[in-house]
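1. dropping the sequence and predicted coords here.
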Amino acid sequence: YTDSYYRNIDNGDDLEVDSYFLLNTRIGYEFELFTVSAYANNLFDEEYLTGILTENQAYVGDGRNMGLEISARF
């Protein structure tokens, strides 16, 4: 969770970054030398801004990202 905040000291309503909530998950299984994991970042595909440059420009947060990860230890 990130609460709302203003991008500069002026605290103008047009430059306020709204609050947002993201849910990231990971589940995995560990074998002797290997680990297999499935993950999801921004599970609910929340649309959010991470910053505002001007009234017409902003940084957009990442959308949903899911994947499978396999790692090995030697």
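-> Great, that's in hand.

2. looking at the spatially closest residue to Glu16 that is not a sequence neighbour now. What's its pLDDT?
-> Excluding the flanking residues, the one nearest Glu16 by Cβ to Cβ, 6 or more residues apart in numbering is Tyr6, at 5.4 Å. C-betas here are computed from N, CA, C, even on glycine. Looking at Tyr6, its pLDDT stands at 83.

3. also the one 5 residues further on?
-> According to the predicted model, the pLDDT of Asn11 comes to 72.

4. residue ranges of the strands in the chain, please?
-> 5-6, 16-17, 25-30, 34-41, 49-54, 57-60, 65-72 (DSSP state E).

5. name the residues that touch the second one?
-> By that I understand strand 16-17. Residues outside strand 16-17 that contact it (Cβ atoms under 8 Å, 6 or more residues apart in numbering) are 4-7, 49-52.

6. how far away is Ala72 from Ser19?
-> Taking Cβ to Cβ, to the nearest Å as the measure, Ala72 and Ser19 are separated by 40 Å.

7. more neighbours: which of these two?
-> Applying other Cβ atoms under 10 Å to Ala72 and Ser19 shows that Ser19 carries more neighbours, namely 11 against 8.

8. the more buried one: what's it in contact with?
-> Ser19 touches 1-4, counting by Cβ under 8 Å, 6+ apart.

9. in JSON lines, list those along with neighbour count and distance to Met66.
-> As requested, these are exported to JSON lines (neighbours: other Cβ atoms under 10 Å; distance: Cβ to Cβ, whole Å):
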{"residue": "Tyr1", "neighbour count": "7", "distance to Met66": "21"}
{"residue": "Thr2", "neighbour count": "13", "distance to Met66": "22"}
{"residue": "Asp3", "neighbour count": "8", "distance to Met66": "27"}
{"residue": "Ser4", "neighbour count": "9", "distance to Met66": "28"}
